[in-house]
Every structure is written in C-alpha cells, then in structure tokens.
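Asker: here's a sequence, model it:
(one chain, ligands or ions: 2)
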Amino acid sequence: MDSDLFFALRLTALSQSGMIFYMLLASEKRGGFRKPLQFSFSLEYVLEEYGVMHEDIKEILFSAPEIANRIQELGKEITRDYQGRQPLLIGILKGAVPFIADLMRVIDLPVSYDLMAVSSYGASTKSSGTVRILKDLDAALEGRDAIIVEDIVDTGLTLKYLLENLRSRQVNSLKVCTLLDKPSRRKVAIQPDYNGFEIPDKFVVGYGLDYAENYRNLPYIGVLKEAVYQK
Ligand SMILES: O=P(O)(O)OC[C@H]1O[C@H](OP(=O)(O)OP(=O)(O)O)[C@H](O)[C@@H]1O
Ligand SMILES: Nc1nc2[nH]cnc2c(=O)[nH]1
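Answerer: Ligands and ions are numbered 1, 2, ... in the order given. Coordinates of the predicted model:
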C-alpha cells in the first residue's frame with residue numbers, strides 16, 4: 001500500500017475531518033482542487049479512488065481491522081466460557097474458513113477443529129431450503145463440547161439442520177458462533193450463542209462469503225451491487 005493511501009485511510013478512519021486533510025493531500029498531488037469540496041467523503045470513496053475497493057461492491061460494512069477486533073472479543077468470550085474444557089470448533093465449509101482460522105488463534109485454550117460441508121445456496125442469493133451434507137466430520141462427537149462456526153445465519157435453515165443433526169450424536173454440549181447474523185430474514189426461531197455483527201437484509205460478500213464462488217478472498221465484508229446478481 002503506498003504511503004499516501006495509508007495516510008488517507010488512517011485519517012479517514014479517525015474522523016470526517018480527516019477527509020479534509022485527504023483532499024489537501026490529493027490536491028497537492030494533482031496540482032489543485034479538481035473536485036469541489038466534498039464533506040460527504042467516505043471510506044469507500046477513498047478506497048475507490050485508489051482502486052482498492054472491488055468495483056462490484058456497493059458499500060463496505062466491516063473493514064479488515066473491524067473484523068479482526070470483533071473476532072478478538074469473541075475469542076475472549078469463548079476462552080472465558082470454556083475454562084477447563086477443550087472445545088471442538090466445527091467450521092462449516094466453505095464460507096467459515098477465514099473466520100474459523102482467525103477465531104481459533106485468539107482462543108486461549110487447547111481447541112481442536114473439524115470441518116463439515118453443507119450447501120443450500122449453490123450459485124444463488126436465495127436459500128434452496130434444502131440442506132445437504134457434502135462432507136461429514138472426520139471424528140465422532142460423543143462427549144465433546146462442540147461449537148458450530150458459521151460465517152452467516154440468514155434464514156436459519158442451515159443451522160436448524162446442523163443443530164438437529166449434530167445433537168443426535170451424543171455431544172456433551174453444542175453452541176453456535178457466527179460472524180454475521182441477519183435476524184430480519186429468519187424463517188426458523190434460532191439464535192446464535194456468539195455473534196460477531198448483526199447486519200441488515202442485504203446480500204454480503206467477502207471474508208469467506210461468496211456469490212457464485214467469487215469474492216471470498218476480499219479482506220472486508222461488503223454489500224454486493226444488485227446489478228451483479230440481477231444480470
Ligand atoms: O441461514 P441460511 O439461510 O441457511 O444461510 C446460511 C448459510 O448460507 C451460507 O452457505 P452456502 O450454502 O452459501 O455455502 P458456502 O458456505 O459454501 O458458500 C452460509 O455459509 C451458511 O451456511
Ligand atoms: N454470500 C452470502 N451468502 C449468504 N448466505 C445467506 N446469506 C448470505 C449472504 O448475505 N451472503
């Protein structure tokens with residue numbers, strides 16, 4: 001990242017008045033104010049200017065540092081709640097991969113993890129309503145304190161299926177940790193035990209979340225432009 005961009009981002013993150021400094025910086029580079037004074041500058045504006053924000057993203061909901069900070073807090077909560085135990089994190093492929101990778105490293109306990117693949121969305125922005133197991137756990141759950149790690153709970157249909165399925169395996173305890181929760185879309189009454197962020201009814205991508213397998217590698221979580229999936 002070039003130093004001007006780094007400087008502008010830091011100022012932007014600090015306050016709206018940071019934008020004014022950014023404009024001074026930009027004007028110096030360009031030899032004068034080419035744009036009128038814009039007090040509505042946003043982080044997205046700066047990112048777009050520098051070509052950092054993906055062109056298909058409408059709005060950034062959570063930046064990489066915001067995600068990292070929140071995961072630290074979740075790690076502390078889990079560490080506190082599971083003192084003296086060895087929880088098993090169950091990551092739900094594929095979307096939860098970045099989340100479980102970061103989460104397990106901020107839990108100060110002897111954790112282990114396993115992965116399970118289910119799918120209900122395919123290449124769509126709407127749940128099919130039918131959940132299928134594509135890959136089951138490697139090990140038995142009997143007597144374990146398991147935590148399902150999800151990237152997002154939307155209708156809740158995936159989680160309902162997972163909870164019913166895993167509870168039938170003689171697990172000692174079973175909880176749910178999700179990075180994102182979209183409660184306004186819920187079709188079944190299910191609440192995660194740990195939740196990173198509550199989000200509005202918008203289709204989001206990045207940090208593991210995809211649309212048709214794209215955007216999973218974006219370091220932030222953003223709202224996808226409708227034009228991308230209404231083509
Ligand atoms: O609450 P729901 O409406 O059921 O939606 C949540 C599920 O949707 C996503 O999975 P997806 O089927 O897209 O698979 P992926 O993780 O491989 O992208 C996400 O990872 C959750 O598992
Ligand atoms: N990528 C993505 N997958 C989802 N699955 C359920 N809701 C969402 C969402 O908003 N984005």
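Asker: would you mind listing what in this structure touches ligand 1?
Answerer: Applying Cβ under 6 Å from any ligand atom, we find that the chain lies next to ligand 1 at 92-95, 119-121, 127, 150-159, 210. In this view, the C-beta of every residue, glycine as well, is placed from N, C-alpha and C.
Asker: name the helix or strand of this structure that has the lowest mean pLDDT.
Answerer: In the chain, no helix or strand scores lower on mean pLDDT, DSSP states H and E than helix 17-30, which sits at a mean of 44.
Asker: helices of this structure, residue ranges please.
Answerer: 3-14, 17-30, 43-49, 64-81, 97-104, 157-167, 226-229 (DSSP state H).
Asker: comparing these by mean pLDDT, which bottoms out?
Answerer: When the helices of the chain are compared by mean pLDDT, helix 17-30 comes last with a mean of 44.
Asker: show me the domain layout of this protein.
Answerer: Domains of the chain are assigned by automatic domain parsing as 3-53, 67-197.
Asker: between those, which gets nearest to ligand 2?
Answerer: The minimum distance between ligand 2 and these falls on domain 67-197, with 3.5 Å, by Cβ to the nearest ligand atom.
Asker: just the terminal-to-terminal distance for the closest one.
Answerer: Terminal residues of domain 67-197 are spaced 9 Å apart (Cα to Cα, to the nearest Å).
Asker: centre of the chain to that domain, how far?
Answerer: The chain centroid and the centroid of domain 67-197 are separated by 13 Å under Cα atoms, centre = their mean, to the nearest Å.
Asker: most neighbours per residue, which of the domains of the chain?
Answerer: Counting by mean count of other Cβ atoms under 10 Å, domain 67-197 has the highest mean neighbour count of those, with a mean of 17.
Asker: so what's Val97 up against?
Answerer: Gly91, Gly208 (Cβ atoms under 8 Å, 6 or more residues apart in numbering).
Asker: please report how far it lies from Asp145.
Answerer: 22 Å (Cβ to Cβ, to the nearest Å).
Asker: and the domains of the chain as JSON lines, adding distance to Val205?
Answerer: Shown next, in JSON lines, are the domains of the chain (distance: least, Cβ to Cβ, whole Å):
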{"stretch": "domain 3-53", "distance to Val205": "12"}
{"stretch": "domain 67-197", "distance to Val205": "10"}
